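# test case, fold it:
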Amino acid sequence: FDYIETGSLISINANVKDILIPSEEESMRMGPMDFEEFLWAMGEDALVRMIRHAFDSGVALPDSLHRKASRLWREYMLVGGMPQAVAAYAPARNMAAADRAKRLVLKLYREDIGKYGGLAAKRVRAVFDAIPGQLAKHEKKLVYTQVEEGSRSRDFMTAFAWMREAATVNLCTLAEDPSLGLALSADDTVVKCYMADTGLLSTMAFSADGPSLPDVYRQVLLGADGVNEGMLAENAVAQQLAAAGHDLYFYAKSSNVREERMEIDFLIVRPYPDAAMKPRISPIEVKSGKRCSTISLDKFRAKFASRTGEEYVLHPRPMAKKDHRRLLPLYMSFCL
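Alright, predicted model coming up:
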């Protein structure tokens, strides 16, 4: 017999912890849909192939396809990749139906935290509820004292381990001395905490009780100026990188000297064409606005020149290339 068990990973892990798993069982780690899978669900298989071809060839999509892909990316940031929400949205692009589905998922998460969180339940719930507020700030590192007054990083280690195992968040860790072994210089006490699904984040941040759809949803869908999409865009990119199998790391340097201060949103390891395809560190900056500064990328290459490979700026505009830097539209982030 073949069995498929569904539910939140929180409750499943709790219910099978004392069961001896037979050797014939193969365990698969699955997460919310990434943007590629969302496009499949929307019937846009051909667009997926064109986006991948454009990424591989370095030739930007035509303007009409770029606008279409960008619009679908904005829909994805709001709907997310939870199958129940996508199934509710896809037939008629019903954002209200997707929002109702996401609220049910969030309700289930909160109930399971209380039921299975044990001694860490209070701090797990505090971190979970604080995520939108932390990500809305310019510096997205989790500030423990803002979650719980007087707390320190070590107070949250059990909560983070629990949330990571439950697959409700994607933790991005500081790499103090970036190298090909990013984990070797990881500081687990300094983290950015992203929601595992960006659609759930949008509902936590913007959705109010009641039947009406938040006006900010409409503004995001229209790409209106003045809407702060940075939180959703960065969370969505983290979701794409995690779905592609990357462990999440970032780099930040504080200093009284302005020239030394920098913050890189994400670091991944990729083959570098200018080094005979040997692996190098690829820094990634996420920009939600049409104007973007790349000062931190310039400083990072200057400091870690021998370790740095191709740089990526993910932004709303069409693809372009400048020397060792590729400027990619946000919807191409799943290709990394």
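# give me the most central residue, this protein.
residue 238 (2.4 Å; C-alpha atoms, centre = their mean).
# leaving out sequence neighbours, find the closest residue to that residue.
Excluding the flanking residues, the one nearest residue 238 by C-beta to C-beta, 6 or more residues apart in numbering is residue 194, at 4.3 Å. C-beta: built from backbone N, CA, C; applies to glycine.
# quick check: next helix or strand after the helix or strand containing residue 220?
Residue 220 belongs to helix 215-222 when elements are defined using DSSP states H and E. The first helix or strand that comes after helix 215-222 along the chain, using DSSP H and E, is helix 230-243.
# tilt between that following helix and helix 215-222?
60 degrees (axes from the mean of the first three to the mean of the last three C-alpha atoms, to 10 degrees).
# which other helices and strands does helix 230-243 contact?
helix 63-79, helix 121-135, strand 169-175, strand 186-195, helix 198-206, strand 262-272, strand 278-286 (3 or more C-beta pairs under 8 Å, 6 or more residues apart in numbering; DSSP states H and E).
# if we go by neighbour counts, what in the first one is buried?
Same thing as helix 63-79. Along helix 63-79, these residues count as buried under the neighbour rule (16 or more other C-beta atoms under 10 Å): 65-66, 68-70, 72-79.
# give the buried residues for the next helix-or-strand element following that helix.
On the C-terminal side of helix 63-79, the closest following helix or strand by DSSP H and E is helix 83-89. Using 16+ other C-beta under 10 Å as the burial criterion, the residues of helix 83-89 that qualify are 85-86, 88-89.
# same thing with stretch 287-295?
287-288, 294.
# where's residue 244 relative to residue 54, distance?
Plainly put, residue 244 is 17 Å away from residue 54 if you go by C-beta to C-beta, to the nearest Å.
# how about residue 40?
Distance, residue 40 to residue 54, by C-beta to C-beta: 17 Å.
# next: residue 200.
Per C-beta to C-beta, residue 200 is found 29 Å from residue 54.
# kindly report the same for residue 197.
Where residue 54 is concerned, residue 197 sits at a distance of 26 Å (C-beta to C-beta).
# got the angle between the longest helix seen in the chain and helix 215-222?
For the chain, the helix with the greatest residue count under DSSP state H is helix 95-116. For helix 95-116 and helix 215-222, the angle between their directions (the same axes, to 10 degrees) works out to 120 degrees.
# quick one: buried residues of helix 95-116?
Under the neighbour-count rule (16+ other C-beta under 10 Å), helix 95-116 has 95, 97-103, 105-106, 109, 112-113, 116 buried.
# next up, the contacts around residue 79.
Remark: with contacts taken as C-beta atoms under 8 Å, 6 or more residues apart in numbering, residue 79 is in contact with 38, 85-86, 89, 95, 98, 199.
# what of residue 233?
77, 286-288, 314, 330.
# tell me the SS of the closest residue to it other than its chain neighbours?
Closest residue to residue 233 in three dimensions, ignoring its sequence neighbours and counting by C-beta to C-beta, 6+ apart: residue 288, at 4.3 Å. With DSSP: H, G, I helix; E, B strand; the rest coil as the basis, residue 288 sits in coil.
# next structured bit after the least confident helix or strand in the chain by mean pLDDT?
Counting by mean pLDDT, DSSP states H and E, the chain has its least confident helix or strand at helix 9-15, which shows a mean of 65. Beyond helix 9-15 on the C-terminal side, the first helix or strand identified by DSSP H and E is helix 35-41.
# give the buried residues for that following helix.
Buried residues in helix 35-41 (16+ other C-beta under 10 Å): 35-39.
# between the residues you listed, which is nearest residue 322?
residue 35 (24.4 Å; C-beta to C-beta).
# tell me, what's the model's pLDDT at that closest one?
Among the per-residue scores, residue 35 shows a pLDDT of 98.
# from what I can see it touches residue 329, true?
No: with contact taken as C-beta atoms under 8 Å, residue 35 and residue 329 are classed as non-touching, separated by 11.0 Å.
# now the common contact residues for those two.
Residues within reach of residue 35 and of residue 329 at once, by C-beta under 8 Å, 6+ apart, are residue 73.
# distance of the residue nearest to residue 233 relative to residue 4?
Residue 288 sits at a distance of 38 Å from residue 4 (criterion: C-beta to C-beta).
# partner residues bridging the residue lying closest to residue 173 once chain neighbours are set aside?
Taking C-beta to C-beta, 6+ apart as the measure, residue 173 lies nearest to residue 186, with 4.8 Å between them; neighbours along the chain are not counted. Per DSSP bridges, the residues bridged to residue 186 are residue 175.
# wait, residue 186 sits on residue 175?
Yes: under the criterion of C-beta under 8 Å, residue 186 is in contact with residue 175, at a separation of 5.7 Å.
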